[in-house]
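Below is the sequence, then the predicted model.
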Amino acid sequence: MLTAVNQAVWGPVGVGLLAGAGLWLTVRTGWFQLTHLRLWLGKTLGAILARSPDLGREGEGSISPLQSLCTALGATIGTGSVVGVGVALASGGPGAIFWMWVMALFGMMTSYAENLLGLRYRRLHNGQWQGGPMYYLSEGLGARPGCRTLGRALAGLFALLCILASFGIGNLSQSNAIAASLETVFHLPPLLTGALLALATGVILWRGIQGVAAAAEKLVPLMAVFYLAGALAVILTHLPALPAALTAIWKGAFGLRAAGGGAVGYGAAAAVRWGFMRGSFSSEAGLGSSAIASGAASTREPVQQGMWGIFQVFVSTFLICTVTALAILTAGLVDLDTGRMLTASPAPDLAGEAFSATFGPLGPMWIAGSVLLFAWSSMLGWSQYGAACWEYLFGASTVFAYRLAFLALIAAGAAVEFGAAWTLSDTFNGLMMLPNLAGLLALSGEVADQTRAYLDRLK
């Protein structure tokens, strides 16, 4: 049943809707991610490198912009950035990476709109700022003539699907990946891994959004540097194969023919589908999840918060996923002429095998450490997303029930063989995308107006 629903959601209609929303927002904002590249890079990466004091400034009932970014990145850069890229290559061929980039290019503006609207329509509840698609659907779309009931219904639907997604993409698939990785490399019993993960997560969740944000602020930079150093070392070790890898990505994206006449990749249709699906999974652009973290930020300017959404997609897909793909392709695990796999290893193990080609026995350990950091940070971020949606539906006094269920599923996901974890995650991702995209398309004019007004003020 999950497979059937998944194929329907991520079929031509779902993929077309996701890409179309990103393209529409890109056009309406004048291709902001390209025409104002220096602006958004300066306001994000430039501020980080300059150690701007504004990044660490917290307001009453809010977290700092840097903590908001790290919370969103922590939830985004999960196993999809390592395991998911291997699945995309095995299922869609090297060409899937090209369409992952296309998805990311348009996804930048989808994420931009989500973050902008998440801050603009946030509300103060119990002394804490709350934002996300629940609020811009109910307060933004719901304010349109005749759309009050529709806006509230879509907001409730999104919140429900986000809770379910937090149990899938944010919990079961992550804990399962951690347990499998640590069992393979260090022979740790999955039950012990699950118990320790649940305990460590419970200690952080005790402090709510502040606890998650503080942990993400320390964890995310560490894990990004740790993983990127290893992946870049693999690519540099096999540098002569880099041009051929890039060529294979280009040819596979359009199902072109190799010089010998064989088909490159698995066909353009498979490359597009898997590239878009994994691109969405890795960046979460279009899902609306990062808007929940944006709503808690101390940033006052919605457009500036939107720029952090662009930067989030840039880091998660254009940086992390790209170096993962190039490490696998240059390590000789894929026939770069035909796109066929040259290894019998399952797709989730491709990154580990690529690292082994450079680091030997340390390769799987490096990947296991990366998966642990990536997946745990993703679990922390998604636990907050699910809690925010639970509070929206059932009130703050019952959030403890959600957190108890979340912790219980961590242990279950690690200890039980859950082969449907990825399918479940993809399904709920696709379903929660639908009400969110409806809101983004309806409010696209407001996003464009906010952007123009901000640029006029800068002039």
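Alright, I've got the coordinates. Numbering: from 1, shown residues only.

Okay, now the unreliable bits of the stretch 351-459 of the chain?
Applying pLDDT under 70 to the stretch 351-459 of the chain flags residues 417-422.

Please repeat the previous calculation with a cut-off of 80.
Segments of the stretch 351-459 of the chain classed as low confidence (criterion: pLDDT under 80) are 371, 415-426, 429.

Can you read off the pLDDT for residue 267?
pLDDT, residue 267: 62.

Below-threshold pLDDT in the stretch 201-350 of the chain: ranges please.
Using pLDDT under 80, the flagged stretches of the stretch 201-350 of the chain are 207-214, 216, 255-274, 276-284, 337-339, 345-349.

in it, which spans are strands?
Ranges of strands within the stretch 201-350 of the chain: none, based on DSSP state E, counting those that start in this stretch.

so where do the helices sit in it?
Using DSSP state H, counting those that start in this stretch, the helices of the stretch 201-350 of the chain run over residues 209-237, 242-253, 268-283, 290-295, 302-313, 322-330, 350-359.

closest to residue 16 out of the ones you listed?
For the helices of the stretch 201-350 of the chain, distance to residue 16 was read as CB to CB. The smallest value, 9.3 Å, belongs to helix 268-283. Where C-beta positions appear, they are placed from N, C-alpha and C, glycine not excepted.

For the closest one, enumerate the helices and strands it packs against.
Helices and strands touching helix 268-283, as assessed by 3 or more CB pairs under 8 Å, 6 or more residues apart in numbering; DSSP states H and E, comprise helix 12-28, helix 83-92, helix 95-120, helix 242-253, helix 421-442.

Adding mean neighbour count and distance to residue 325, write the ones you listed out as a markdown table.
Listed next are the helices and strands packed on helix 268-283 as a markdown table, based on neighbours: other CB atoms under 10 Å; distance: least, CB to CB, whole Å:
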| stretch | mean neighbour count | distance to residue 325 |
| --- | --- | --- |
| helix 12-28 | 19 | 19 |
| helix 83-92 | 26 | 5 |
| helix 95-120 | 29 | 5 |
| helix 242-253 | 20 | 8 |
| helix 421-442 | 24 | 18 |
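
Now distance to residue 148 too, for these, in TSV please.
Shown next, in TSV, are the helices and strands packed on helix 268-283 (distance: least, CB to CB, whole Å):
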stretch	distance to residue 148
helix 12-28	23
helix 83-92	38
helix 95-120	18
helix 242-253	44
helix 421-442	13
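
related to what we said a few turns ago, deepest-packed of the helices of the stretch 201-350 of the chain, please.
The highest average neighbour count among the helices of the stretch 201-350 of the chain, using mean count of other CB atoms under 10 Å, belongs to helix 290-295 at a mean of 31.

Give me the contacts around it.
With contact meaning CB atoms under 8 Å, 6 or more residues apart in numbering, helix 290-295 is reached by 68-69, 71-72, 75-76, 111, 114-115, 117-119, 121-122, 129-133, 135-136, 162, 284, 305, 308-309, 312, 381, 384-385, 388-389.

again, only using 7 Å
68, 71-72, 76, 111, 114-115, 117-119, 122, 129-133, 284, 305, 309, 312, 385, 388 (CB atoms under 7 Å, 6 or more residues apart in numbering).

same thing with stretch 93-100?
By CB under 7 Å, 6+ apart, stretch 93-100 touches 88-89, 248-250, 252-253, 265-266, 268, 270-272, 274-276, 278-279, 317, 321, 325, 329, 334, 339.

quick one on the thing from earlier: need the helices of the stretch 201-350 of the chain in CSV with distance to residue 13, can you?
Listed next are the helices of the stretch 201-350 of the chain as CSV, based on distance: least, CB to CB, whole Å:
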stretch, distance to residue 13
helix 209-237, 34
helix 242-253, 21
helix 268-283, 12
helix 290-295, 24
helix 302-313, 23
helix 322-330, 27
helix 350-359, 30
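
Tell me which of those approaches residue 370 most closely.
Across those, closest to residue 370 is helix 209-237 (CB to CB), at 4.4 Å.
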